[in-house]
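1. Got a predicted structure plus its sequence, pasted below:
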Amino acid sequence: MTTPLSFRQVDVFSGERLRGNALAVVHDADGLSDADMAAFARWTNLSETTFLLKPTRAGADYRVRIFTPREELPFAGHPTLGSCHSWLEAGGRPAGDHVIQECGAGLIPVRQSGETLAFQAPPMLRTGAVEEAILVRIMEGLGLPREAALAAEWVDNGPGWLAVLLASRQTVLSVTPDFQRLRGMRVGIFARCTADDATDADIEVRGFTAAGFEDPVTGSLNAGLACWLTSAGLAPARYVAAQGTAIGRAGRVAVEQDGNGLWIGGSVATVITGTMTL
């Protein structure tokens with residue numbers, strides 16, 4: 001394949017450029033093979049790279065395939081917003097009131113609200129308490145005693161996340177993960193923020209991937225957290241999550257619950273445009 005394809009690299013979930021989560025987006029990628037996509041995602045070495053294709057399901061405006069450097073995902077949050085932004089910027093126009101994205105998890109509505117985009121949180125695939133043996137291993141990997149986990153739940157909407165509630169924002173930010181102990185698991189940690197924390201966010205979140213690195217800002221994790229927290233009455237219908245603070249990012253994820261479900265939103269900005277050729 002030698003035909004150049006349009007390419008964008010965008011910054012997702014931050015109002016400050018280069019302080020969110022980077023995403024590579026390849027347009028009109030129907031001619032690429034699975035191997036091509038996987039190889040390009042390994043080469044970009046970003047947490048995710050997406051490929052925009054013609055939709056195959058009725059009602060979809062476009063189809064997206066989402067690759068990490070290691071595997072393909074059925075759904076991920078910042079790739080959803082970044083892909084939608086890129087599709088719109090390239091001239092895409094939705095057939096209805098919302099953009100409808102087709103991905104491995106099904107059809108995902110994405111809405112525009114001023115300068116931000118928000119996706120509707122997909123259905124949960126796994127919920128409930130984290131098994132004790134797994135939780136003990138996680139806390140060891142976080143370098144914290146078992147009793148530091150105030151609650152722990154599966155919040156899996158595709159990638160396989162589980163989440164642990166800690167006592168304070170400072171505890172969340174002070175964690176130094178042992179990725180060898182956490183290997184193979186996607187672990188989110190979070191805490192409620194207080195007035196003493198001097199932040200504009202309501203909760204502080206960190207996400208540790210199965211591949212052994214900290215994800216700057218994670219839409220799927222925040223979507224799963226929102227499903228847990230709002231359904232359990234642990235968070236209001238509208239709140240803001242901060243993520244990436246510990247690694248020098250300024251991620252902000254806006255959560256809003258309305259009559260149609262939960263919406264997970266944030267800012268997206270294009271940083272690089274050009275072409276790619278394989």
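-> Happy to help now that I have it.
2. What is the end-to-end distance of stretch 177-188?
-> 11 Å (CA to CA, to the nearest Å).
3. Revised request: answer the last question for stretch 161-180.
-> One end of stretch 161-180 to the other measures 17 Å (CA to CA).
4. I'd guessed Ala254 sits against Thr116; true?
-> Yes - under the criterion of CB atoms under 8 Å, Ala254 makes contact with Thr116 at 6.8 Å. All C-beta atoms are positioned from the backbone trio N, CA, C, and that covers glycine.
5. Would you state the strands of the stretch 151-278 of the chain in chain order?
-> Across the stretch 151-278 of the chain, reading from the start of the chain, the strands by DSSP state E, counting those that start in this stretch fall at 151-154, 161-165, 186-192, 203-208, 214-215, 238-243, 251-258, 261-276.
6. Nearest to His85, out of the ones you listed?
-> Between His85 and these, the shortest gap by CB to CB is with strand 261-276, which sits at 3.9 Å.
7. Run me through the strand neighbours of the closest one, direction for each.
-> In the sheet, strand 261-276 lines up against strand 5-12 (antiparallel), strand 116-120 (antiparallel), strand 251-258 (antiparallel) (DSSP bridges).
8. Now it: average pLDDT?
-> Averaged across strand 261-276, the pLDDT comes to 96.
9. how many degrees apart are that strand and strand 238-243 in direction?
-> 40 degrees (axes from the mean of the first three to the mean of the last three CA atoms, to 10 degrees).
10. mind listing what's buried in strand 261-276?
-> Neighbour-count burial for strand 261-276 flags 262-269, 276 (criterion: 16 or more other CB atoms under 10 Å).
11. Dump the residues you listed to CSV, plus distance to Glu153.
-> Formatted as CSV, the entries for those read as follows, by distance: CB to CB, whole Å:
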residue, distance to Glu153
Leu262, 15
Trp263, 21
Ile264, 17
Gly265, 22
Gly266, 23
Ser267, 28
Val268, 28
Ala269, 32
Met276, 39
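12. Tell me how many other residues surround Thr80.
-> 31 (other CB atoms under 10 Å).
13. which ones are touching the nearest residue to it once chain neighbours are set aside?
-> Closest residue to Thr80 apart from its sequence neighbours, by CB to CB, 6 or more residues apart in numbering: Phe119 at 4.7 Å. Remark: with contacts taken as CB atoms under 8 Å, 6 or more residues apart in numbering, Phe119 is in contact with 77, 80-81, 84, 101, 108-110, 219, 223, 263-265.
14. For Phe119, list each beta-bridge partner.
-> Residues in beta-bridge contact with Phe119 (DSSP bridges): Val110, Ile264.
15. Please tell me how far it sits from Ala105.
-> Taking CB to CB, to the nearest Å as the measure, Phe119 falls 11 Å from Ala105.
16. Report the separation between Val205 and Gly141.
-> As for Val205, its distance to Gly141 is 17 Å (criterion: CB to CB).
17. my bad, should have said Leu32
-> When CB to CB is the yardstick, Leu32 and Gly141 sit 36 Å from each other.
18. re earlier: so which of the strands of the stretch 151-278 of the chain comes closest to Leu173?
-> strand 203-208 (6.8 Å).
19. where in the stretch 1-150 of the chain is pLDDT low?
-> 1-2 (pLDDT under 70).
20. nearest residue to Val255 other than its sequence neighbours?
-> Nearest to Val255 is Ala226, by CB to CB, 6+ apart, at 4.6 Å.
21. residues touching the residue nearest to Arg192 when sequence neighbours are not counted, list them.
-> For Arg192, the nearest residue in space outside its immediate sequence neighbours is Ile203; the separation is 5.6 Å by CB to CB, 6+ apart. Contacts here follow CB under 8 Å, 6+ apart; on that basis Ile203 touches 190-193, 225, 235, 239-242.
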